[in-house]
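Enquirer: Kindly generate the corresponding structure for this input.
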Amino acid sequence: MKHIILAAASLVLFSNSGQAQSFFSGEVPEVIDFQIKEDVVFGSGKVVENGVIIDKYLLMDVYYPLEDAVEPRPAVILVYGGSFHRGHPRVPYIGLGAQTTTMSDYAKMLASEGYVAFTITYRIAPDIPVAGPYEGFTEDDLEIDSMTSPAAVTQLNIIRGQMGLEELNPKESETLMKASVISAAEALRTAIRHVKNASADYIVDPKRIGLLGFSAGAITIINVAYGMKEDVAAVVLNSGYPAVFNMDRLLTSESKVPPALFHLAQNDYPVVEAGLVPFLGKLKEIGAEYRLSWVPSHGHFYPSGASTLSSRGERRSVEQGILEHFKEHLAD
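Expert: Numbers count the residues shown, from 1 in each chain. Next up is the predicted model:
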């Protein structure tokens, strides 16, 4: 495992004694205010390689504030998107006239604000993941129509074509996507438990853990925080909705769920709004705490600086909304 500590760049000024004194100050502003520990192994999951089931390591990058911790800090675990087929925490997506902010860049921002941030990897469809034994849910708690509708399979095959992968028919899509979505949820659950179990080493407060994800990453967070009911303090979902886990069955008035901030783009994929609206209705029904912010003039891909309009009529950037939500719910 590599340790990378980034420091501010130096500015060197040259001058001649006959010239006027430079108006630049001799102090160099500190422009990097975080440090990174890369490729930390937090677990493993089974995949199929050359017809054989093997274990694949799950990795995370850990972003710390520069200042030494005096007491445990709040933590945020971040999950990237990519239709459960592609992606990486350090890689953005470009599409529909916009570019996403990477989970790595969100983590840098959070670390500079005093959080310990963890960006995780998980098994994706090309890995041919093998889901583990169900824990906290049963086969009856799963519903896969959202992943196997004609529109979903068509969109999935567009992505697979871009990746040079064979097209899937609905039955193949059902088998692969069910395993992929559940495997991603298993990875996030493992990451949450890893951070809690190692909280003394990371110097984080296990009761102040938040989650942030985009697209498939946001779907994964919903499935873990609401479906698997893993205990976390707050969640932020950028263009996410429930998939595979049946929230009508899993959520009741007795369910303890985290306060949530949802971002939904004005021109998002239809499947996002179609899946999110009834889920918000379910959250309202059980009395859960949540806020919805629109991202005007954007499609599925939008940066952290994009303007939002909340259901309360408040205007702020995506980044400001994230920081305010975590500050409110991850405070001491």
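
Enquirer: Relative to A185, how far out is the residue lying closest to M228 once chain neighbours are set aside?
Expert: Distance criterion CB to CB, 6 or more residues apart in numbering; nearest residue to M228, sequence neighbours excluded, is G136 at 5.0 Å. Yep, even glycine has a C-beta here, placed from its N, CA and C like the rest. From G136 across to A185, the span is 10 Å (CB to CB, to the nearest Å).

Enquirer: Which one's more surrounded, those two?
Expert: When neighbours are counted by other CB atoms under 10 Å, A185 comes out ahead of the other of G136 and A185, with 26 against 12.

Enquirer: Hmm, that one is touching M228, no?
Expert: Yes - contact criterion CB atoms under 8 Å: A185 and M228 qualify, at 6.2 Å.

Enquirer: Specify the strand with the largest residue count in the chain.
Expert: strand 34-49 (DSSP state E).

Enquirer: Now it: buried residues?
Expert: Buried residues in strand 34-49, counted by 16 or more other CB atoms under 10 Å: 34-37, 40, 42-43, 45-47.

Enquirer: Out of these, which one has the weakest pLDDT?
Expert: Across these, the bottom pLDDT score, 89, is held by F34.

Enquirer: residues touching that residue, list them.
Expert: 6, 63-66, 108, 111-112 (CB atoms under 8 Å, 6 or more residues apart in numbering).

Enquirer: Helices of the stretch 201-332 of the chain, residue ranges please.
Expert: Counting by DSSP state H, counting those that start in this stretch, the stretch 201-332 of the chain has these helices, from start to end: 216-222, 247-250, 270-285, 318-329.

Enquirer: In CSV, list those helices along with mean neighbour count, mean pLDDT and distance to S173.
Expert: Output for the helices of the stretch 201-332 of the chain, formatted as CSV (neighbours: other CB atoms under 10 Å; pLDDT from 0 to 100; distance: least, CB to CB, whole Å):
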stretch, mean neighbour count, mean pLDDT, distance to S173
helix 216-222, 28, 98, 15
helix 247-250, 17, 94, 21
helix 270-285, 15, 94, 14
helix 318-329, 19, 97, 31
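
Enquirer: Can you tell me which of the ones you listed is nearest to G299?
Expert: G299 lies closest to helix 270-285 among those, at 10.0 Å (CB to CB).

Enquirer: Would you verify that N157 is located in a helix?
Expert: Yes - N157 forms part of a helix when assessed by DSSP: H, G, I helix; E, B strand; the rest coil.

Enquirer: Tell me, how many residues neighbour it?
Expert: By other CB under 10 Å, neighbour count at N157 equals 16.

Enquirer: count of neighbours near the nearest residue to E324 once chain neighbours are set aside?
Expert: Once flanking residues are discounted, E324 sits nearest to R316: 7.2 Å by CB to CB, 6+ apart. Around R316 there are 15 other residues, counting by other CB under 10 Å.

Enquirer: try A107
Expert: By other CB under 10 Å, 27 other residues sit near A107.

Enquirer: Spit out the residues that contact A185 and M228 alike.
Expert: Joint contacts of A185 and M228 (CB under 8 Å, 6+ apart) are F245.

Enquirer: picking that back up, quick check: which element contains the residue nearest to M228?
Expert: For G136, there is no enclosing helix or strand under DSSP states H and E.

Enquirer: OK, contacts around G281?
Expert: By CB under 8 Å, 6+ apart, G281 lies in contact with nothing.

Enquirer: quick one: it from A200, how far?
Expert: Taking CB to CB, one finds G281 at 41 Å from A200.

Enquirer: Nearest to S149 among the helices of the stretch 201-332 of the chain would be which one?
Expert: So among the helices of the stretch 201-332 of the chain, helix 270-285 is nearest, using CB to CB, at 8.1 Å.

Enquirer: how about that closest one as CSV, C-alpha atoms only?
Expert: Presented in CSV, the C-alpha positions along helix 270-285 are these (Å, rounded to 0.1, in the frame of the first residue of the first chain):
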residue,chain,number,x,y,z
PRO,A,270,-36.5,8.7,-17.1
VAL,A,271,-35.8,5.6,-15.1
VAL,A,272,-34.3,7.7,-12.3
GLU,A,273,-37.4,9.8,-11.7
ALA,A,274,-39.7,6.9,-12.3
GLY,A,275,-38.0,4.9,-9.5
LEU,A,276,-37.3,7.8,-7.1
VAL,A,277,-40.8,9.4,-6.9
PRO,A,278,-42.6,6.4,-5.5
PHE,A,279,-39.6,5.8,-3.1
LEU,A,280,-40.0,9.3,-1.8
GLY,A,281,-43.7,8.6,-1.3
LYS,A,282,-42.8,5.6,0.8
LEU,A,283,-40.4,7.6,2.9
LYS,A,284,-43.1,10.2,3.5
GLU,A,285,-45.5,7.4,4.4
